[in-house]
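S.K.: got a predicted structure here, sequence first:
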2 protein chains.
Amino acid sequence: MNRFVLDPRLEKDSELVTTLGLCQLRLLKDSRWPWLMLIPQRADKTEIFQLTPLDQTMLTFEINLVAEALKTVTKARKINVGALGNIVSQLHVHIVARHEGDPNWPGPIWGHGSATPWADDAKQNFLTNLNEALAS
Amino acid sequence: MNRFVLDPRLEKDSELVTTLGLCQLRLLKDSRWPWLMLIPQRADKTEIFQLTPLDQTMLTFEINLVAEALKTVTKARKINVGALGNIVSQLHVHIVARHEGDPNWPGPIWGHGSATPWADDAKQNFLTNLNEALAS
């Protein structure tokens, strides 16, 4: 059985926020949207249905925990959740806060334009609020 | 408590395949991709985390049941799963079979071009295979 190793492209495009029971929670290096990613720490998985039933349930719990915290912190109009993986096949789930009029609204975020780096202050502020919401 | 009523835009853009324990399973009227949708039959829900924990688990089960059947039937390279809802807020989950070189590959399907209707024969063939895979 192989050991889980984070895909280098996912690693390069994001930074670790925290580790949950199953997943790494990571923040994308793109401030256009508050954009998080969950990566189950399981080797050789590309589709959710390849996880064990327990891991599927854990993933659902963690998606909803993060989605609700993100909604609280951002007051987003809509949370977008997506598992695509057409480019990087290692299983990962996007959780994105959307506001009316944000880049490409109401279309999807994937494949749209180029990343805008976070300002350090804004990022620290966002992560502080997110961690508080996750813990509450 | 309100009764579940399918959003008229979701109804217009898709047709019923079958009803599972929680969700309506529907086929989008767009043959560019094998494109299914699950809609939990619960009133006034827009986010997965608003469902009860049991309904969340049911939805996960049904997403994975359908995703695996769709993979079997289409031999897709990747299944894309997404809950966006920026346009139609009633909670619905897209499950889409993607092949290398399909329209907008490897980008997302949402917001790309215009729908191509299914030919009747191809649709019936697809639905027969899908229902067999769901039952197996």
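M.R.: It's in.
S.K.: how about the contacts made by residue A:55?
M.R.: By Cβ atoms under 8 Å, 6 or more residues apart in numbering or on different chains, residue A:55 lies in contact with A:22, A:40, A:42. For every residue, glycine as well, the C-beta is placed using N, CA and C.
S.K.: the second one reaches residue A:50, doesn't it?
M.R.: No: shown here, residue A:40 and residue A:50 do not form a contact pair, counting by Cβ atoms under 8 Å, at 9.8 Å.
S.K.: need the residues touching each of those two.
M.R.: In contact with both residue A:40 and residue A:50: residue A:91, using Cβ under 8 Å, 6+ apart.
S.K.: please say which of these two ends up with more neighbours.
M.R.: Taking other Cβ atoms under 10 Å in any protein chain shown, residue A:40 and residue A:50 do not tie; residue A:40 has more neighbours (23 against 17).
S.K.: helices along chain A, start to end?
M.R.: For chain A, the helices defined by DSSP state H cover A:8-13, A:53-74, A:120-135.
S.K.: between these, which one is closest to residue A:104.
M.R.: helix A:53-74 (16.8 Å; Cβ to Cβ).
S.K.: list the buried residues in that closest one.
M.R.: A:55-71, A:73-74 (16 or more other Cβ atoms under 10 Å in any protein chain shown).
S.K.: not counting its neighbours along the chain, what's nearest the residue nearest the centre of chain A?
M.R.: Centroid-nearest residue in chain A: residue A:37, 1.6 Å away (criterion: Cα atoms, centre = their mean). Counting by Cβ to Cβ, 6 or more residues apart in numbering or on different chains, residue A:26 is the residue found nearest to residue A:37 once chain neighbours are left out, at 4.8 Å.
S.K.: wait, does stretch A:11-22 contact chain B?
M.R.: No: Stretch A:11-22 is not in contact with chain B by Cβ under 8 Å from any Cβ of the partner chain; minimum separation 13.0 Å.
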